[in-house]
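Visitor: Dropping the sequence and predicted coords here.
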Amino acid sequence: MAVLKTLLFVPTYNERENAGVIYKQIKSLDLDLDLLFVDDNSPDGTGQILDGFAAADPRTHVLHRPGKQGIGSAHLNAIDWAYGQGYAVCISMDCDLTHPPEHIPDFIAQAQDFDVVLGSRFMKSESLADWNLLRRF
């Protein structure tokens, strides 16, 4: 079975502290995928950090947006970009370290047989206990 061309995309806004951590965690998995960061012109310099990763790694890309536009439109922009580049599988995860990268291989494996694969941060009752109700919603 042929492996589908896969893109992992990560929307960012002010993730300077997490960007390097998540990048290293993802790259340490040594997976056959490309990585796209979608940055909303983070005032903390996240975009410049991401540009450094992209300059050193041809499988890492950065889509810079002119300002904070939100995670929903970041997903739409990333999906449009992925289609334009010929990707068959898109995986999204947050940069805030609440999505463990070690689950990415499971998502890739499941995507070979299913059109949609979902994961949830809410599987355990203590998940994201410090988030308020509005943010959980």
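Guide: All right, it came through fine.
Visitor: name the element residue 8 belongs to?
Guide: If you go by DSSP states H and E, residue 8 is part of strand 6-12.
Visitor: Am I right that residue 36 falls within a strand?
Guide: Yes: read with DSSP: H, G, I helix; E, B strand; the rest coil, residue 36 is one of the residues of a strand.
Visitor: what's near enough to touch the closest residue to it other than its chain neighbours?
Guide: Counting by CB to CB, 6 or more residues apart in numbering, residue 9 is the residue found nearest to residue 36 once chain neighbours are left out, at 4.2 Å. (C-beta placed from N, C-alpha, C; glycine too.) Each residue near residue 9 by CB atoms under 8 Å, 6 or more residues apart in numbering is listed here: 35, 36, 37, 38, 75, 78, 82, 90, 91, 92.
Visitor: Show me what the longest helix seen in the chain is packed up against.
Guide: If you go by DSSP state H, the chain has its longest helix at helix 71-85. On a contact count with 3 or more CB pairs under 8 Å, 6 or more residues apart in numbering; DSSP states H and E, helix 71-85 meets strand 6-12, strand 34-39, strand 60-64, strand 89-92.
Visitor: List the buried residues for the following helix or strand past the last one?
Guide: Next along the chain after strand 89-92, taking DSSP H and E as the criterion, comes helix 104-111. When neighbours are counted by 16 or more other CB atoms under 10 Å, the buried residues of helix 104-111 are found to be 104, 107, 108, 111.
Visitor: Just send the residues you listed back as JSON lines, with distance to residue 68 and pLDDT too.
Guide: JSON lines is the format used below for the buried residues of helix 104-111 (distance: CB to CB, whole Å; pLDDT from 0 to 100):
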{"residue": "104", "distance to residue 68": "27", "pLDDT": "88"}
{"residue": "107", "distance to residue 68": "27", "pLDDT": "85"}
{"residue": "108", "distance to residue 68": "30", "pLDDT": "85"}
{"residue": "111", "distance to residue 68": "30", "pLDDT": "83"}
